[in-house]
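1. Take a look and give me a structure for this.
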Amino acid sequence: MQARRIGDSQVSAIGLGGMPLSIEGRPDRERALATVHAALDAGVTLIDTADAYHLHADEVGHNEELVAEALRTYGGSTDGVLVATKGGHLRPGDGSWTQDGSPEHLRRAVQDSARRLGVEAIGLYQFHRPDPAVPYADSVGVLAELLDAGTIRMAGISNADPAQIAEAQEVLGGRLVSVQNQYSPAFTSSHPELELCAQLGIAFLPWSPLGGISKAGDLGGQHSAFAEVAQEHGVSPQQVALAWELAQSDVVVPIPGSSRPETIQDSVRAADLVLTPAELSRLDAAVR
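-> Residues are numbered from 1 along each chain as shown. Model prediction:
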């Protein structure tokens, strides 16, 4: 699989988004672990998680613990795997999402995440979502503290607009390495953020790159051009969508979620799918 860069780390062009393994409709633990192991077998070296990826209020960090167990029980080497986690977004356990970007919360959250992941320093820690009640610079400033202290190796942000990307880069003294925003054929509103990341040389990590858990299976039906190109190549529409995203810029690293070994194996093959300029133009026109 082709490689891309996040800060000083070389990672696989396709990562694994861990959320479907821990929220509503999640698989049993055996299948969840098998899915992560299948990703590693396929060459995935970026696994994205968050302390908020859980179902019940009393299981904060469920996905972080699952990822740690999967890495611990994997039969091969995991030395080159980058685990990215996030804090500042919360799930009270009733299906809703809330924010807490206070420095006090983030300092506690990163320590808890490191403990659950079983690491002394988190590879990539990302501020999950802006909190309207807290100045953005105050939240991101905690990431600068954590970098200086060696508690995290790299810092990123998620669900950010261009102004927030610029502000984070300034607060971090040029050490922002990634932006994780929603982006897919069904959601291209983050294209300005993608373009800014490309200009700055910052990795852009599309979340829900196939349109979300409930819509990924019908991607070809929603956008017929993706199904048509997929048929011409003899691959799935999901592979075409990921290959299209990779072609947008060499800073793009999609992180499709998966709850079955078969789906992450299919997604990974997108890294080797080459789309022609004519096909890319056709797909671009389809999402406008």
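2. give me every residue that touches the nearest residue to Leu196 once chain neighbours are set aside.
-> The shortest distance from Leu196 to any non-neighbouring residue, by C-beta to C-beta, 6 or more residues apart in numbering, is to Pro162 (5.1 Å). The way it works is simple: take the backbone N, C-alpha and C, and place the C-beta from them, glycine included. Going by C-beta atoms under 8 Å, 6 or more residues apart in numbering, Pro162 touches 192-193, 196.
3. And the residue nearest to Thr45 when sequence neighbours are not counted, how far from Gln199?
-> Once flanking residues are discounted, Thr45 sits nearest to Ser12: 4.6 Å by C-beta to C-beta, 6+ apart. As judged by C-beta to C-beta, to the nearest Å, Ser12 and Gln199 stand 24 Å apart.
4. who has more neighbours, the two?
-> Just comparing Ser12 and Gln199: by other C-beta atoms under 10 Å the higher neighbour count belongs to Ser12, 24 against 10.
5. any idea how far the more buried one lies from Ile47?
-> For Ser12 relative to Ile47 (C-beta to C-beta), the value is 10 Å.
6. any residues in contact with both of these two?
-> With C-beta under 8 Å, 6+ apart, Ser12 and Ile47 have no common neighbours.
7. Report the next helix or strand after the helix or strand of the chain with the lowest mean pLDDT in sequence order.
-> Here the helix or strand of the chain ranked lowest by mean pLDDT, DSSP states H and E is helix 219-222, holding a mean of 62. Next along the chain after helix 219-222, taking DSSP states H and E as the criterion, comes helix 224-233.
8. what's the spacing between that next one and its chain's center?
-> Computed by C-alpha atoms, centre = their mean, to the nearest Å, the chain-centroid distance of helix 224-233 equals 25 Å.
9. Can you show me the CA trace of it as PDB?
-> This file holds the C-alpha atoms of helix 224-233, laid out as PDB (Å, rounded to 0.1, in the frame of the first residue of the first chain):
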ATOM      1  CA  SER A 224     -24.300   6.700  -9.900                       C
ATOM      2  CA  ALA A 225     -21.000   7.900 -11.400                       C
ATOM      3  CA  PHE A 226     -19.100   6.100  -8.600                       C
ATOM      4  CA  ALA A 227     -21.000   2.900  -9.300                       C
ATOM      5  CA  GLU A 228     -20.300   3.200 -13.000                       C
ATOM      6  CA  VAL A 229     -16.600   3.800 -12.600                       C
ATOM      7  CA  ALA A 230     -16.500   0.900 -10.100                       C
ATOM      8  CA  GLN A 231     -18.100  -1.400 -12.600                       C
ATOM      9  CA  GLU A 232     -15.600  -0.400 -15.200                       C
ATOM     10  CA  HIS A 233     -12.800  -1.300 -12.800                       C
END
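10. What helices and strands are in contact with it?
-> Under the contact criterion of 3 or more C-beta pairs under 8 Å, 6 or more residues apart in numbering; DSSP states H and E, helix 224-233 touches helix 219-222, helix 237-248, helix 277-287.
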